[in-house]
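Student: give the three-dimensional model of this entry:
(2 chains)
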Number of protein chains: 2
Amino acid sequence: MTDLLLTGIGRLTTNAGDTVADAVVMIVDGEITYAGTSSGAPDQGRADRVDCEGRAVIPGFVDAHTHVVFAGDRADEFGLKMQGASYADIAGLGGGIVSTVAATRAAGEDELFQEAAARVRRMIESGTTTIEIKSGYGLDLGTEMALLRVARRVGDELPVTVKTTFLGAHALPPEYRDDRKGYLDLVVEEMLPAAAPLADYCDVFVEEGAFSVDEALRVFEAAADLGMGARVHAEQLTHSGGAALAAGIGAVSADHLDHVTVDDAGALAEAGVVAVLVPGASYTLRSPQAPGPMLLDQGMTVALATDCNPGTSYLESMSMVMSLAVVQMGLSIDQAIHAATRGGALSLQMPDHGLLSPGSAGDLVIIDAPSAAHIPYRPATNLVWKTIKAGRVVAGIGH
Amino acid sequence: MTDLLLTGIGRLTTNAGDTVADAVVMIVDGEITYAGTSSGAPDQGRADRVDCEGRAVIPGFVDAHTHVVFAGDRADEFGLKMQGASYADIAGLGGGIVSTVAATRAAGEDELFQEAAARVRRMIESGTTTIEIKSGYGLDLGTEMALLRVARRVGDELPVTVKTTFLGAHALPPEYRDDRKGYLDLVVEEMLPAAAPLADYCDVFVEEGAFSVDEALRVFEAAADLGMGARVHAEQLTHSGGAALAAGIGAVSADHLDHVTVDDAGALAEAGVVAVLVPGASYTLRSPQAPGPMLLDQGMTVALATDCNPGTSYLESMSMVMSLAVVQMGLSIDQAIHAATRGGALSLQMPDHGLLSPGSAGDLVIIDAPSAAHIPYRPATNLVWKTIKAGRVVAGIGH
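Tutor: The predicted model follows:
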């Protein structure tokens, strides 16, 4: 592996201390060996060099909540929903999550990979170096496992680290409409054991109309027995008890949290659960954003993610997510940058990611602007000059 | 000029009738000669061919309200404002429009051109084929004229049609803080006559803290005497009478309109004034969006624009504008597409633009998706596969 030296960094965000001006970063064998002032840099030997010409550098984005493996097209449904079509209207037209499930089941595994890889390639071009990918559009044993295999293949074939999450309990599939217990039996008894070698985590959508706290608890307990940590879709559309559940079981993350309370937040903080916030979904659903500043005040670590999915948040870039976090949720720019990098890494239990300091992963983004503040300030422009994964330049637009 | 034939268009939006499936577009000498079903297409001779492989095609975006010629960096100010810093706080830190004016005055004309051209190049990559560019960050005779020259040069050197607008009455410059009449005399007596050969339109920011209706009327009357049509910054932050003024003088456009009333809208429609809406500014200012659906109901033509500027809307791509128009303003997707193309063209008095029919300009965008609905549905992804200006491919990302 080639060593890489970045010089001429105008502003360096390390997430390990203050922002550094006139900085240098050295990466050896994929790991940071130095990140600091140019005057303090050790002799760099024969590394490849990139002159950043005053540009800003930040850790690569860690997108900690995505559903990028799916088939089908719901753009027209999006238009109908925006014009006020109800859930029943959409369902009557064959839309909604069941349409994605039907299209996903019908697609071949290679087709699913090609579609997911195209999305993830655009994510990498937008500065993402690590993503979490959930299953959840198969809802049968074979397709759920195919989705997890595709997610792993994305990580194998593309220059991105992938963490996988089994989300069989995403929705009740049509064939189990009248047999909730039957589906949960399937999830717990067949899908989970099969998913264990393929998935880093288990997730359940705890919500009215999806799964109850008790149902989720059964799934999470079975997952824990298989060694899979819990991520919880919690308090998105209503206050349904998902946050208290996440705190109670010591989940790794509680995601969405639009309707979380201060008491919930205290319990989550106490339990060390990371809040993964997905402002793109709240934006599309025209619902209030999760209370990010309150969660930080209560001592939680906050992560930001795209929630990339065809129903409520078809975002591939963290830039608009960060804009929404700053404009609609009230995070400061520094908080948004931290949440989009270090916060995501902590939610995925990757302590050596989302951080630019000796020993951490050589994953970073060179921003084509003098400060990272330009990302939320100019959300619809891809300001990524180069994405660097493990010390290798893997994407870049020379504006 | 080479002729161009686009085949294999999955969905064609012409703005001249229904959407066409399985379509073909022929461009000869920069003008559309055919846009319709493949079965009805005439023999195409020896034109260059682009196979769209099922992708959607729409007219090129017409961005009818921008301030892209400026210098300076206000990203940190954006962060402070988002955290609640007041206008006075920002001014105390040397921020606000005066900081852009100071940086713009200090920049050389070539530097201003390079910065503006970089922005406009990204706009072209995002599917924009026509833009309006305003002056207004010089606020002295020399710099205002430099900004208009730079705007014209952008149109001369880049593959984009540029319409220019003189906005000397954007704000009161610091040196005239205690002499409003003195500044208006300068605008009317010196700047306007000098601007007339360089500017297609005249604009005034009618707002508390900017210029009154009476002051604006004086400027617009002088502009009319020089043959310059009026565009009006109207009803953005408060209801200040700008819309009634625009209707009264028969302005070409009334822009912003966040606080427009139904009565205003009726008068504007009656007078044939086009509404140019800029949802990016309302988003950043956290203020309610202009009532786009009501303006359409009242019979107005509606255009969408980025308002690209360093203070309130640093957007270069129409995709997020369209997303905000659909999600926050309540336009339908079809209305948003029309407003971003044909609406903008009509607001710039370009009846042969924003339209794909025989005799209209060969300006269009091939979208890397099966329908144009994907643009507002996936706002942070640049879905432009190719931008075509006057029959020539001028930008494109092969995702």
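Student: next helix or strand past the one helix or strand in chain A whose mean pLDDT sits lowest?
Tutor: Lowest on mean pLDDT, DSSP states H and E among the helices and strands of chain A sits helix A:87-92, with a mean of 83. Where DSSP states H and E defines the elements, the next helix or strand beyond helix A:87-92 is helix A:97-106.
Student: about what we covered before: so what does the least confident helix or strand of chain A touch, helix or strand wise?
Tutor: Judged by 3 or more Cβ pairs under 8 Å, 6 or more residues apart in numbering or on different chains; DSSP states H and E, helix A:87-92 is in contact with helix A:75-82. From N, CA and C alone the C-beta is placed, and that goes for glycine too.
Student: got the angle for the helix it packs on vs helix A:97-106?
Tutor: 170 degrees (axes from the mean of the first three to the mean of the last three Cα atoms, to 10 degrees).
Student: got a list of contacts for the strand or helix carrying A:Arg122?
Tutor: Assigned by DSSP H and E, A:Arg122 falls within helix A:109-125. Here helix A:109-125 makes contact (Cβ atoms under 8 Å, 6 or more residues apart in numbering or on different chains) with A:63, A:68-71, A:104, A:107, A:128, A:131, A:133, A:146-147, A:149-151, A:153-154, A:157-160, A:306, A:308, A:316-317, A:382, A:384, A:387, A:389, A:394-397, B:381, B:399.
Student: any residues of the stretch 201-350 of chain A in contact with chain B? List them.
Tutor: By Cβ under 8 Å from any Cβ of the partner chain, the residues of the stretch 201-350 of chain A that approach chain B are A:283-284, A:286, A:314-317, A:319-321, A:326-328, A:330, A:332-334.
Student: contacts only, for A:Met329.
Tutor: Applying Cβ under 8 Å, 6+ apart, the residues near A:Met329 are A:277, A:279, A:289-293.
Student: tell me who's in contact with A:Val204.
Tutor: A:167, A:169, A:211, A:215-216, A:219-220, A:230, A:232-233.
Student: run through the bridge partners of it.
Tutor: Assessed by DSSP bridges, A:Val204 has beta-bridge partners A:Ala169, A:Val232.
Student: chain center to stretch A:337-346: distance?
Tutor: Taking Cα atoms, centre = their mean, to the nearest Å, the mean C-alpha location of stretch A:337-346 is offset from the chain mean by 10 Å.
Student: what pLDDT, on average, does that stretch get?
Tutor: Averaged over stretch A:337-346, pLDDT sits at 98.
Student: if we look at it, which residues are touching it?
Tutor: Here stretch A:337-346 makes contact (Cβ under 8 Å, 6+ apart) with A:13, A:15, A:58-64, A:130, A:274, A:276-277, A:292, A:301-305, A:318, A:321-322, A:325, A:331, A:351, A:353-355, A:372, A:375.
Student: for that stretch, C-alpha coordinates in PDB please.
Tutor: Provided in PDB are the C-alpha atoms of stretch A:337-346 (Å, rounded to 0.1, in the frame of the first residue of the first chain):
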ATOM      1  CA  ILE A 337     -19.700  17.800  11.100                       C
ATOM      2  CA  HIS A 338     -18.900  15.800  14.200                       C
ATOM      3  CA  ALA A 339     -22.200  13.900  14.000                       C
ATOM      4  CA  ALA A 340     -21.700  13.100  10.300                       C
ATOM      5  CA  THR A 341     -18.200  11.700  10.900                       C
ATOM      6  CA  ARG A 342     -17.300  10.800  14.500                       C
ATOM      7  CA  GLY A 343     -20.900  10.300  15.700                       C
ATOM      8  CA  GLY A 344     -21.600   7.800  12.900                       C
ATOM      9  CA  ALA A 345     -18.400   5.900  13.700                       C
ATOM     10  CA  LEU A 346     -19.200   5.700  17.400                       C
END
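Student: buried sites along it?
Tutor: Of the residues in stretch A:337-346, A:337-346 count as buried by neighbour count, 16 or more other Cβ atoms under 10 Å in any protein chain shown.
Student: with secondary structure added, can I get those in a markdown table?
Tutor: Output for the buried residues of stretch A:337-346, formatted as a markdown table (DSSP: H, G, I helix; E, B strand; the rest coil):
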| residue | secondary structure |
| --- | --- |
| A:Ile337 | helix |
| A:His338 | helix |
| A:Ala339 | helix |
| A:Ala340 | helix |
| A:Thr341 | helix |
| A:Arg342 | helix |
| A:Gly343 | helix |
| A:Gly344 | helix |
| A:Ala345 | helix |
| A:Leu346 | helix |
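Student: and the residue nearest the centre of chain A, what pLDDT?
Tutor: Against the mean C-alpha coordinate of chain A, by Cα atoms, centre = their mean, the closest residue is A:Ala64 at 2.3 Å. Looking at A:Ala64, its pLDDT is 98.
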